[in-house]
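Undergrad: okay, here's the prediction I keep looking at, along with the sequence it came from:
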Amino acid sequence: MKALRLALCMENVVKCECGASIDIAGAQPRKDGTKVWCRVCGTITVHHR
Ligand SMILES: [Zn+2]
């Protein structure tokens, strides 16, 4: 069950360097990377697909 959840999370969740998981399900995928703001530490993480 936990492994399945992790696999699903790969699609829409970015792991911040602080360890927080950021949901990007509603973010637009961009060629130069999706900028995701961490609400926990305030870091902008660029997610490349
Ligand atoms: Zn963070």
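TA: It's in. Numbering: from 1, shown residues only.

Undergrad: stretch 32-47 near the ion at all?
TA: Yes: using Cβ under 5 Å from the ion, stretch 32-47 reaches the ion at Cys38, Val40, Cys41, Thr43. In short, each C-beta sits where N, CA and C put it, glycine included.

Undergrad: buried set for that stretch?
TA: Thr34, Val36, Cys38, Thr45, His47 (16 or more other Cβ atoms under 10 Å).

Undergrad: check the residues you listed and tell me the two furthest apart.
TA: Thr34 and Cys38 (13.0 Å; Cβ to Cβ).

Undergrad: of all the residues of stretch 32-47 next to the ion, which comes closest to Cys18?
TA: Nearest to Cys18 among those: Cys41, at 4.2 Å, using Cβ to Cβ.

Undergrad: go ahead and list the helix or strand containing the closest one.
TA: For Cys41, there is no host helix or strand (DSSP states H and E).

Undergrad: what kind of secondary structure is the nearest residue to Cys41 once chain neighbours are set aside in?
TA: Excluding its sequence neighbours, the residue lying closest to Cys41 (Cβ to Cβ, 6 or more residues apart in numbering) is Cys18, at 4.2 Å. Here Cys18 is recorded as coil under DSSP: H, G, I helix; E, B strand; the rest coil.

Undergrad: pretty sure Cys18 contacts Arg39?
TA: No: look at Cys18 against Arg39 with Cβ atoms under 8 Å: they stay out of range, at 10.6 Å.

Undergrad: what is in contact with these two at once?
TA: Taking Cβ atoms under 8 Å, 6 or more residues apart in numbering as the contact rule, Cys18 and Arg39 have no neighbour in common.

Undergrad: quick one, strands of this protein?
TA: Secondary structure of the chain (DSSP state E): strands at 13-15, 21-23, 34-37, 44-47.

Undergrad: what's near enough to touch the closest residue to Gln28 other than its chain neighbours?
TA: Once flanking residues are discounted, Gln28 sits nearest to Thr34: 7.0 Å by Cβ to Cβ, 6+ apart. Shown in contact with Thr34 (Cβ under 8 Å, 6+ apart): Val14, Ile24, Ala27, Gln28, Val46, His47, His48, Arg49.
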